[in-house]
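>>> Structure for this input, please:
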Amino acid sequence: MNRRNLLGLALVGTVTAGLAACGGGDDPLAADPGSSSSSSADASTVIVGSANFPESELLAEMYAQVLEGEGVTVQRKFNIGARELYLKALDDGSIDLLPEYNGALLAYYLKGDAPEGVSSPETVLAALKEQLPDGLEVLDQSAAEDKDSLTVSAETKAKYDLTSIADLAPVAGDLVMGAGPEFQERYQGLVGLKELYGVEFKEFKPLDVGGPLTVAGLKDGSIQVGNLFTTDSAITTNRFVVLEDPKNLFLAQNVLPLIRSSKNTDAITTALNAFSAKLTTDNLTTYLAKVSVDKQDSATVAKAFLTDNGLA
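Below is the predicted model:
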């Protein structure tokens, strides 16, 4: 399985779009009025961050509440943006901990081709641990998996007879693809689609990260292919079809905590590993729907999950 070097930084436009996606142009890494900034926070405080999509925020809130249940002082810095932004925040100490996905994180850190046969949760995790920079570590991965996908409407599937990503190659020149802006520059995006599958779309529309803009585009036909996460209830609700990925462009995507080694302790490891042991694809999908569909706030849903699973 050949994969290109993925270490290039996102374009300035991508970074700007990621910051805008955080909402209202506010910087989520800026100190809240009346609270300590990340640089002046007590050394024992753990700053929990998240990406700019609902599942990441929900998982981050779960992590935060798990740690608070163990007496750890926590600050929240959610909705930072895309991976290119929040990993920079992790590197510079603006945040200490956040939820990640093993395969996507491996793809970000790869230098050259991925080892042959690396696609299962176990092989991806082993490869990831070899790629992590000094000062960062991952804890136990959960059974919960949420993959990137190429998703189409039932009408588009029927019109072009689509079953897998490979089926897009002869027709992609007539189709518009929609996804978060960073998808254009990532290997697990347009770069890998061209290299692995020979897929080049007529147009790419920068929308959001598996969010309502992408869903709306698939529904109204302004895009024919969208990047959605496989736990998204919009796929079932709208009878969308997830295209198969026979060449494993999207590796295993198990949820796991990524933490700065300087902030990790035995107590934090034990608490977060116990949480990950309870997290499955099914229960993550169920509780995420309470946020995305029922519009409950992530703190309420996180508390319910922890209580329901004997973690609170």
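
>>> What are the buried residues along the helix or strand that contains T236?
Assigned by DSSP states H and E, T236 falls within helix 233-237. Buried residues in helix 233-237, counted by 16 or more other CB atoms under 10 Å: 234-235. For every residue, glycine as well, the C-beta is placed using N, CA and C.

>>> so how far is the next helix-or-strand element following it off the chain centroid?
Per DSSP H and E, the first helix or strand lying C-terminal to helix 233-237 is strand 241-242. For strand 241-242, the separation from the chain centroid amounts to 19 Å (computed by CA atoms, centre = their mean, to the nearest Å).

>>> hey, where'd the strands end up in the stretch 201-312 of the chain?
Using DSSP state E, counting those that start in this stretch, the strands of the stretch 201-312 of the chain run over 203-206, 225-229, 241-242, 255-260.

>>> residues touching K290, list them.
Neighbour list for K290: 296, 301, 304 [criterion: CB atoms under 8 Å, 6 or more residues apart in numbering].

>>> I'd like to know which of the residues you listed are buried.
296, 301.

>>> ok, the contacts of K290 vs P257, which is closest?
Nearest to P257 among the contacts of K290, counting by CB to CB, is V301 at 18.4 Å.

>>> Isn't the closest one up against V291?
Yes: with contact defined as CB atoms under 8 Å, V301 and V291 form a contacting pair (5.4 Å).

>>> Quick check: neighbours shared by the two?
L58.

>>> coming back round to it: mean confidence for the helix holding T236?
Regarding helix 233-237, the rounded mean pLDDT is 90.

>>> wait, which of the contacts of K290 is closest to G192?
Here the nearest of the contacts of K290 to G192, counting by CB to CB, is V301; it sits at 32.9 Å.

>>> Quick check: which ranges of the chain have low pLDDT?
Scanning the chain for pLDDT under 70 picks out 1-41, 111-114.

>>> contacts for stretch 267-275?
Residues contacting stretch 267-275 (CB under 8 Å, 6+ apart): 46, 62-63, 66-67, 69-70, 72, 139-140, 257, 259, 306, 311.

>>> Helices - which of the residues you listed land there?
62-63, 66-67, 69, 306 (DSSP state H).

>>> hang on, the earlier thing: most neighbours out of the contacts of stretch 267-275, which is it?
Highest neighbour count within the contacts of stretch 267-275, by other CB atoms under 10 Å: M62, with 29 neighbours.

>>> Surely that residue and A304 touch.
No: the criterion here is CB under 8 Å, and M62 misses it with A304 at 10.3 Å.

>>> okay if I get the strands of the stretch 201-312 of the chain as JSON lines plus distance to E155?
As requested, the strands of the stretch 201-312 of the chain are arranged in JSON lines below (distance: least, CB to CB, whole Å):
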{"stretch": "strand 203-206", "distance to E155": "18"}
{"stretch": "strand 225-229", "distance to E155": "12"}
{"stretch": "strand 241-242", "distance to E155": "10"}
{"stretch": "strand 255-260", "distance to E155": "32"}
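
>>> Would you mind finding the most buried of those?
Mean neighbour count (mean count of other CB atoms under 10 Å) peaks for strand 225-229 among those, with a mean of 26.

>>> Can you list the strands that it pairs with?
When pairing is defined by DSSP bridges, strand 225-229 lines up against strand 148-152 (antiparallel), strand 176-179 (parallel).

>>> Off-centre distance for that strand?
That offset, for strand 225-229, works out to 13 Å (CA atoms, centre = their mean).

>>> Grab the CA positions of that strand and hand them over as CSV.
C-alpha atoms of strand 225-229 as CSV (Å, rounded to 0.1, in the frame of the first residue of the first chain):
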residue,chain,number,x,y,z
VAL,A,225,-19.7,13.0,-2.9
GLY,A,226,-19.2,14.0,0.7
ASN,A,227,-16.7,13.2,3.4
LEU,A,228,-18.8,12.0,6.4
PHE,A,229,-17.8,10.1,9.5
